[in-house]
Structures are given as C-alpha cells and as structure tokens.
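> return a 3D structure for these sequence lines:
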Amino acid sequence: MKQSLFEIIDNTRLAPGVYKMRLQGDTSDITAPGQFVNIQLDGMFLRRPISVCDVQGDVLTIIYKVVGKGTEAMSKMTGGKLDILTGLGNGYDLTVAGEKPVLLGGGVGVPPMYLLAKQLLAQGKKVTVILGFNKAEEVFYEAEFKALGCQVLVTTVDGSYGIKGFVTDALKEVEYTHFYTCGPEPMLKAVYRASTTSGQMSFEERMGCGFGACMGCSCKTLTGYKRICKDGPVMRKEEILWEN
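You can find the predicted model right below:
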C-alpha cells in the first residue's frame, strides 16, 4: 500500500451518473487487475474505494458511479490533486484462466474487467467479455473492449440493447474455461449458480479503512472470516459461503 498525490488529467461523463477520471501519479503499487484505490476527499471522513480500470505508465484510470456526496463531488472536479492510497486488495489470479476465460461485469463492476482483459490477451488467451446493464443508455466501454480484441456481449434487463436479460443469459451461449466477475451481490450469486467452471468473484462492499484494520467489511468463507478490503475483494468460487 502506498499513499500518493495524483493530479487529475481529465474527468468525463460516460453514461448517466457514470464518470471516467484519469489521474497522473505513482502507480507502482498497483500490481494486479482487480485491485482498488482509496481516495481522500475534502470534508469527507472516510475515503472512497474505487476499482482500478486501467494503468498505463504513471496514468491511472478509474470509472465511478455517483451514489453519494463523495462521488458527486468527484464528478464536478476538473483539475487539482487527490490523496490516494494505491495497491489495495488482492486482485485476480491470471494463472488459472485456461485458454478461454470469460469476464462478466455488471454496471460499475465493468471497469476492473478492462485491465484484466488486457493482461489476459497479452498472454494469448481468447477472451470473451459479457457486460450487463439495466438499459441502453447505461451501456459504456463496449467499444473499448472490442478495440482490445475481445469478443463482447452486452445484456440489458429491459432488452433495449443487446441481449435481453442478465449476464447469466449470455453466459449460457459461451464456451469458457474459467470465469472472472465483478458486480452487485445478486449478480454474483446468479453467476455462482449458473457457472460450470471454477471462477473468481470481486465483491463490492462498504469499507471503512480499506486496508484491513477496522474489520468492517468482513464476510464468512469456508476458511473463516475474511476482510473484503484486504483478503479480497476477489474470492474463489469454491470458498464463498452465501448468507442466504
């Protein structure tokens, strides 16, 4: 974990309530796709955890959704510097992907799939990406994944774009050796039940400290309680115990 000042390069709207921010600073502690950063905002007691979308040299890209005062304040930023903790979380394990990994992202669970896809493609894998949204106007990053060379499927709950339904509906049509996913808990549960291989799931959770000190984001697994921020946010399918 490293604490650094990052300078805001730009901050653009991708979809209603969804923004992409590029920042320049010390990215050396970001070592795996699926990790997150924790951002200090003026007047806010707790930092805001945001997943890493991409890293290119000293440029960090994050994508976030406006869900409260903190992210609303971020959406209005056009410059300046942010105090950011980097290198948080365990990230995804690429060594078990097999030849045909499938990546499933729901809503703001889409961003961490981007760096993951880049690294899997660099290893020569055939990568399929399934992006899930509620409706057409919420869709983002489809073109960016296609530009990488991924096969991309988009689902919308209301059928206004792509495949009507959920990411699990598209998963039925895909041949895959391992799955990676990030999204809201109902989606993760559905992928858990629908998947036919091993896989890794990144959990979205409210966090206090972001590095394992406060124990506020603990969850029960087959091997005992784990902290989403430090022992996760990525967990293997086989270790997850759902509460209901």
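
> can you give me the helices in this structure?
Along the chain, the segments classed as helices by DSSP state H run 69-75, 111-122, 142-148, 167-171, 185-194.

> what separates the last one from the chain centre, distance-wise?
Helix 185-194 has its C-alpha centroid displaced from the chain centroid by 15 Å (C-alpha atoms, centre = their mean, to the nearest Å).

> what does that helix contact?
Contacts to helix 185-194, defined as C-beta atoms under 8 Å, 6 or more residues apart in numbering, come from residues 104, 106, 109, 132, 166-168, 171-172, 179, 181, 199, 201, 203-204, 237, 240, 242. C-beta here means a position set from N, CA and C on the backbone, and glycine is covered the same way.

> now the buried members of these.
Buried subset of the contacts of helix 185-194 (neighbour count, 16 or more other C-beta atoms under 10 Å): 104, 106, 109, 132, 166-168, 171, 179, 181, 199, 201, 203-204, 237, 240.

> out of those residues, list just those in strands.
Counted as lying in strands by DSSP state E, out of the buried ones among the contacts of helix 185-194, are 104, 106, 132, 179, 181, 199, 201, 203.

> check what pLDDT the residue lying closest to Ala32 once chain neighbours are set aside gets.
Spatial nearest neighbour of Ala32, chain neighbours left out: Gly91 (2.7 Å); criterion: C-beta to C-beta, 6 or more residues apart in numbering. Gly91 is assigned a pLDDT of 92 by the prediction.

> cool, and Leu241?
On the pLDDT scale, Leu241 is placed at 73.

> give me the number of residues near it?
9 (other C-beta atoms under 10 Å).

> now do it against Tyr192, distance only.
11 Å (C-beta to C-beta, to the nearest Å).

> just Ser198 next, same as before
11 Å.

> and the two? which has more neighbours close in?
Taking neighbours as other C-beta under 10 Å, Ser198 and Tyr192 compare with Tyr192 leading, 16 against 13.

> got the domain ranges for this protein?
Listed by automatic domain parsing, the domain ranges of the chain are 2-88, 94-200.

> for the protein, identify the residue most remote from the centre.
Gly43 (26.0 Å; C-alpha atoms, centre = their mean).

> how close does that one sit to Glu72?
12 Å.

> cool, Val59 as well?
From Val59 to Glu72 the distance is 24 Å (C-beta to C-beta).

> the two: who's more crowded?
Val59 (14 against 11).

> surely the more buried one touches Asp10?
No: using C-beta atoms under 8 Å as the test, Val59 is too far from Asp10 to be in contact (10.4 Å).

> can you list residues touching both of those two?
Arg22.

> pLDDT-wise, what's the bottom of the buried ones among the contacts of helix 185-194?
Glu204 (65).

> before we move on, the earlier item: do you know the pLDDT at the residue farthest from the centre of the chain?
Reported pLDDT for Gly43: 91.

> so where's the protein uncertain?
Scanning the chain with the threshold set as pLDDT under 70 gives 204-232, 243-244.

> can you give me the neighbour number for the nearest residue to Val18 once chain neighbours are set aside?
Leaving aside its sequence neighbours, Val18 sits nearest to Lys65 (C-beta to C-beta, 6+ apart; 5.2 Å). Using other C-beta under 10 Å, Lys65 is surrounded by 18 other residues.

> any idea how far Lys65 is from Asp29?
24 Å.

> cool, Gly43 as well?
From Gly43 to Asp29 the distance is 26 Å (C-beta to C-beta).

> ok, now Lys135?
Distance, Lys135 to Asp29, by C-beta to C-beta: 37 Å.
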